[in-house]
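Requesting a structural model of the entry that follows:
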Amino acid sequence: MCLGGGSDLGNIEDNGKYDSLAKDIDGNGDTKEKLSYGSAGKSISHAVSSQQAVIKQVRTDFTRGRFIEETAEATAESEYTYRLRVTTGASTLKDLILYDTLETIYDESGADISSGWKGEFVGVNTEYAKKKGYNPKVYYSEEQNPGKLTEVPEKWIELTDEVDKSKVKSICVDLRYKPDGSEFELSANNVVFVLINMKAPDDDSIITSANNMFSTNWRATDPFGDTIDNVEGIYSNQVNVEIHKDDIRKTIEGEKIWEDDGDKYDARPENITVKLLQNGEEYLETTTDANKNWHYVFEDVPVYKSNTEIYEYTIEEVPVANYITKYEENNITNEVNLTEFSVEKIWADETSTVRRPNGVEVVLKKNGVEESRFELNEGNGWKHTFSNLVKYDEDGALYVYTVDEEFTSEFYIKEIVDGKITNRFVVPEDRIKLVGKKEWDDSDNIAGKRPSSVVLQVVSGEDVVTEGLVSEENGWEYEFDLKKYDELGNEISY
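Modelled structure (predicted):
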């Protein structure tokens, strides 16, 4: 668009007539626009009256070879061409320079008001201008608004085939001279144009259009060669290019990923069903299985609902029992919603097994509530694994599984760590009292032989455990404090 125009280029006067070549110059829908759109350094009323016009047109693969001034559609990745055209009326034009900031539009204040995508710059064709007798010079800038060639020539670089076209932001075509270096005059009632070739983006999701204008500098002269006006920054009409969307289709595909330790719990189904939702509504469905490597495909899916709205697609799996479903882009991950819990009974009673039971019933609890029971014994190695347990609740929280046992004994201290129940053998410190009285069957010591005291021995088997003295003074009564169990946990008989 206009690179040379400033923020205050003066007022443009008009003779009140409409220019038949200026169609919707400012893009506001009015095709009878006065040519004096924009602003210039001086009045150009003479030029307007002479039917001078600045017109931009576009040709795409949808315009049937024609250049048009309206909105044109283009296929994604196709090439399209802008034509920058200047026509004269009764006046002769000199010092003609064309400026185009690629697919960027500025308002009269110099603000960028572009909102569309930008195509890929391919090149400039000046063959028509050469046939008219011009010696066109094409320059480019890496800036979007570098200024005028005549004022800041250092910002403009000659365009050659070696230039990295991705850096081209602005184009300037200098049509001031002939091949011999003399000044060129575009005679009255004449036309000249150059072509700018572009390539549309390959992104079918683009729903806005590329829009563009261009501007010129010239000097209008009358039939006597006298300068009428120096014209700077006159704007062309705006043209738009849109990606053609009606027939654009795409493929949506993805993978099914199983996180279940190679189907450890034998829970995988033979196949799964995947639904494709279009704007939240069920649109298509398909199935996949191990024979397809759990790959699914939806082909020939329309991209656009209208020229300005694209369809939003999401995938949804029909729920698979015992699995939690997660989505990442178009891939579906199923984490098995099953787990297991192993329990082992460890007896730390090497010194004595006399108090060990033949079996112990263990209780599995889920979040503290009984879930299952199982008896551990010597036959199963005092081990068991509870399988096919639900891993997550409906809110996605992990269930907490714990284990306990029904067995209790004063001879064992219980410790449970990560499903391992250790029972450590201990001998209780229990004590018993052996209480009694020495009775004499001697007719109240009639013979006078009764001793004053007697030593009593407490024996277990053949072993003397302890002894004590009883006498008439303590009423011949005795009391012994004894261990209840031996070191093996057997109850001692006294």
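
Contacts only, for the residue nearest to the spatial centre of the chain.
With distances taken as CA atoms, centre = their mean, Glu329 lies nearest the centre of the chain, 7.3 Å away. Each residue near Glu329 by CB atoms under 8 Å, 6 or more residues apart in numbering is listed here: Gly254. In short, each C-beta sits where N, CA and C put it, glycine included.

what about it, distance to Gly468?
For Glu329, the distance to Gly468 equals 89 Å [CB to CB, to the nearest Å].

same thing with Asp161?
Here the criterion is CB to CB. By it, Asp161 lies 123 Å from Gly468.

More neighbours: which of these two?
Gly468 (14 against 6; other CB atoms under 10 Å).

Please, which helix or strand holds that one?
strand 463-471 (DSSP states H and E).

Buried ones in that strand, by neighbour count?
Across strand 463-471, burial judged by 16 or more other CB atoms under 10 Å covers Val470.

Can you tell me which helices and strands it packs against?
The contact analysis (3 or more CB pairs under 8 Å, 6 or more residues apart in numbering; DSSP states H and E) places strand 463-471 against strand 453-460, strand 477-483.

wait, which of the ones you listed is closest to Ser352?
strand 477-483 (15.0 Å; CB to CB).

List of residues touching the closest one?
So strand 477-483 is contacted by 430-438, 456, 458, 465-466, 468, 470, 492, 494 (CB under 8 Å, 6+ apart).

Tell me the buried residues within these.
Among the contacts of strand 477-483, those classed as buried by 16+ other CB under 10 Å are Val470.

On the C-terminal side of whichever strand or helix holds Tyr139, identify the next helix or strand.
Secondary structure from DSSP H and E places Tyr139 in strand 137-141. Counting by DSSP H and E, the next helix or strand C-terminal to strand 137-141 is strand 157-158.

mind listing what's buried in the helix or strand following that following strand?
Note on strand 157-158: by DSSP H and E, the next helix or strand toward the C-terminus is strand 170-175. Neighbour-count burial for strand 170-175 flags Ser170, Ile171, Cys172, Val173, Asp174, Leu175 (criterion: 16+ other CB under 10 Å).

how near is the first one to Phe121?
Spelled out, it's Ser170. According to CB to CB, Ser170 stands 10 Å off from Phe121.

Mind listing the shared neighbours of these two?
Joint contacts of Ser170 and Phe121 (CB under 8 Å, 6+ apart) are Leu102.

Asn240 contacts Thr71, correct?
Yes. Applying CB atoms under 8 Å, one finds Asn240 in contact with Thr71, separated by 4.2 Å.

which one of those two has more residues nearby?
Asn240 (18 against 15).

Which strand residues bridge that one?
Asn211 (DSSP bridges).

That one and Tyr80, how far apart?
Distance of Asn240 to Tyr80, computed by CB to CB: 11 Å.

any common contacting residues for these two?
Val58, Ala72.

burial count for Leu482?
Count around Leu482 with other CB under 10 Å applied: 14.

so Met198 is in which element?
With DSSP H and E as the test, Met198 turns up in strand 191-199.

quick one: that strand to strand 170-175, angle?
Relative orientation of strand 191-199 versus strand 170-175 (axes from the mean of the first three to the mean of the last three CA atoms, to 10 degrees): 150 degrees.
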